[in-house]
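S.K.: need coordinates for the below:
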Amino acid sequence: MIFDSHMHTEVSADSAMKAEDALERAAKLGIGAVFTEHEDMDFPGEKDFTFSPEDYWKKYEALRGKGERLRLGVELGMQEGLADKNRAFLLRAPFDQVIGSIHTLMGFDLYYETLYEGREKDEVYRLYLKTMAHCVRSHGEFIDILAHIDYIARYAAYLDTELTYAAYGEEIDEVLAAIIETDTVLELNTRRFDAPQGKSSLVPIFRRYREMGGREVTLGSDAHNAAAIGFAFREAHEMAESLGLRVVTFFSRKKEYC
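M.R.: The predicted model follows:
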């Protein structure tokens, strides 16, 4: 079964999705679901992107059952200097899957324009990728997946926000090398598949991932509402297959082929 390995329920500060609605939508699509709630320590801004693993497990353990349809994971916000704290957090619950993500840079939330003011795109994007590679290496011992390599392209305050291999190949190669060295899986995130170049910009990156030795991907919608679950998964699955990449997910921190 294909799993949507990246979504957020009301446990995450930026989502109001009910677990029951998520499971109903996934069942209608004939796919499984992995809840991956936000845990972003030291996050700038007013929202608290942290949660209690113990409460999370109590809330959803009965729904999880034996994991046929639902797995319980976490999306860890990676920052330089947070590896030890993030590792300790994971000891508090038996997570099925751990995603590592970059949501901040230089102490700024990538969502807001503040980060981009007075800075050229190349400067910010290269630093974003260098930080990502460093964090994959510092967290690689305990994350399973690197999420949305193109996350910055969602929000960057530039006319052209695309993250392309043609422009940033050297830095992208460093991220891919870190993924492969740490046996981390690269997520194929479909959130931007409806953007003009959202999918086409990813194809060369994932092709290069395969050339460098990557063999597996997870599929993630990054859904914060039930309607977004499984978005563009047929396209994503076809893209993965065309590049020779197998779709996987995780249960009890063990890789499973879909």
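S.K.: tell me which strands and helices the helix ranked longest in the chain is in contact with?
M.R.: Identified as the longest helix of the chain according to DSSP state H is helix 121-139. When contacts are defined as 3 or more Cβ pairs under 8 Å, 6 or more residues apart in numbering; DSSP states H and E, helix 121-139 sits against helix 83-90, strand 97-101, strand 104-105, helix 152-155, helix 165-181. Every residue, glycine included, has its C-beta placed from N, CA and C.
S.K.: how far off helix 165-181 does the helix or strand where P204 lies point, in degrees?
M.R.: Under the criterion of DSSP states H and E, P204 resides in helix 202-211. Orientation note: helix 202-211 sits at an angle of 40 degrees relative to helix 165-181 (axes from the mean of the first three to the mean of the last three Cα atoms, to 10 degrees).
S.K.: check the offset of helix 202-211 from the chain's centre.
M.R.: 17 Å (Cα atoms, centre = their mean, to the nearest Å).
S.K.: return the set of buried residues in the longest helix of the chain.
M.R.: 121, 124-125, 128-129, 131-133, 135-139 (16 or more other Cβ atoms under 10 Å).
S.K.: same question for stretch 27-35.
M.R.: For stretch 27-35, by 16+ other Cβ under 10 Å, it's 31-35.
S.K.: also stretch 143-163?
M.R.: With burial defined by 16+ other Cβ under 10 Å, the residues of stretch 143-163 counted as buried are 143-154, 156, 161-163.
S.K.: distance check, the spatially closest residue to L105 that is not a sequence neighbour against A157.
M.R.: Leaving out its chain neighbours, the residue that sits closest to L105 by Cβ to Cβ, 6 or more residues apart in numbering is Y128, at 5.6 Å. Going from Y128 to A157 by Cβ to Cβ, to the nearest Å gives 14 Å.
S.K.: just T131 next, same as before
M.R.: Counting by Cβ to Cβ, the separation of T131 from A157 is 18 Å.
S.K.: all helices for the stretch 1-150 of the chain, in order.
M.R.: 19-29, 53-64, 83-90, 121-139 (DSSP state H, counting those that start in this stretch).
S.K.: in CSV, list those helices along with mean pLDDT and distance to K47.
M.R.: Below are those laid out as CSV (pLDDT from 0 to 100; distance: least, Cβ to Cβ, whole Å):
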stretch, mean pLDDT, distance to K47
helix 19-29, 98, 20
helix 53-64, 98, 17
helix 83-90, 98, 18
helix 121-139, 98, 21
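S.K.: and these: which comes nearest E256?
M.R.: Among those, the nearest to E256 by Cβ to Cβ is helix 53-64 (14.9 Å).
S.K.: report the angle between the closest one and helix 19-29.
M.R.: Using the same axes, to 10 degrees: helix 53-64 against helix 19-29 is 40 degrees.
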